[in-house]
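# show me how the following folds:
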Amino acid sequence: MSVVAAVDEPTSALDPELVAEVLTVMKEIADEGMTMVIVTHEFSFAADFSHRVIFLDSGSVVEEGPPAQLFKDPVHDRTRRFIS
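Below you'll find the predicted structure:
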């Protein structure tokens, strides 16, 4: 049986020490096989940790793909503006 967790901005309003701790725990949980859907503005975490990234704007999917493609060579101008 697969377990899925949804996590919305788990690091918002945390000090930097706690951010690192929360991200470490989330990586450990994923390494144990849990699938997670995470809403985050932590780009480096999403780039290193994700298998797939979805960029949303005003509730609509603008772009989706592997993190390397989305963060390094986005297709849509809106994605490029947001990441920069």
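# what's the lengthiest helix in the chain in contact with?
When the chain is parsed with DSSP state H, its longest helix is helix 16-31. When contacts are defined by C-beta atoms under 8 Å, 6 or more residues apart in numbering, helix 16-31 is touched by residues 5, 7, 10, 11, 14, 36, 38, 42, 45, 49. From N, CA and C alone the C-beta is placed, and that goes for glycine too.
# put the buried members of those into a ChimeraX selection.
Remark: buried members of those, expressed as a ChimeraX selection using 16 or more other C-beta atoms under 10 Å:
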select :10,11,38,42,45,49
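# of the contacts of helix 16-31, which is the nearest to residue 58?
When these are compared for distance to residue 58 (C-beta to C-beta), residue 38 wins out at 19.8 Å.
# tell me the helix or strand right after the longest helix of the chain.
Note on helix 16-31: by DSSP states H and E, the next helix or strand toward the C-terminus is strand 35-39.
# before we move on, the earlier item: out of the contacts of helix 16-31, list just those in helices.
Among the contacts of helix 16-31, the members found in helices (DSSP H) are 45, 49.
# hmm, back to that, in the longest helix of the chain, what's buried?
19, 22, 23, 26, 30.
# okay if I get these as CSV plus pLDDT and distance to residue 64?
CSV is the format used below for the buried residues of helix 16-31 (pLDDT from 0 to 100; distance: C-beta to C-beta, whole Å):
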residue, pLDDT, distance to residue 64
19, 89, 25
22, 91, 25
23, 89, 22
26, 89, 21
30, 85, 19
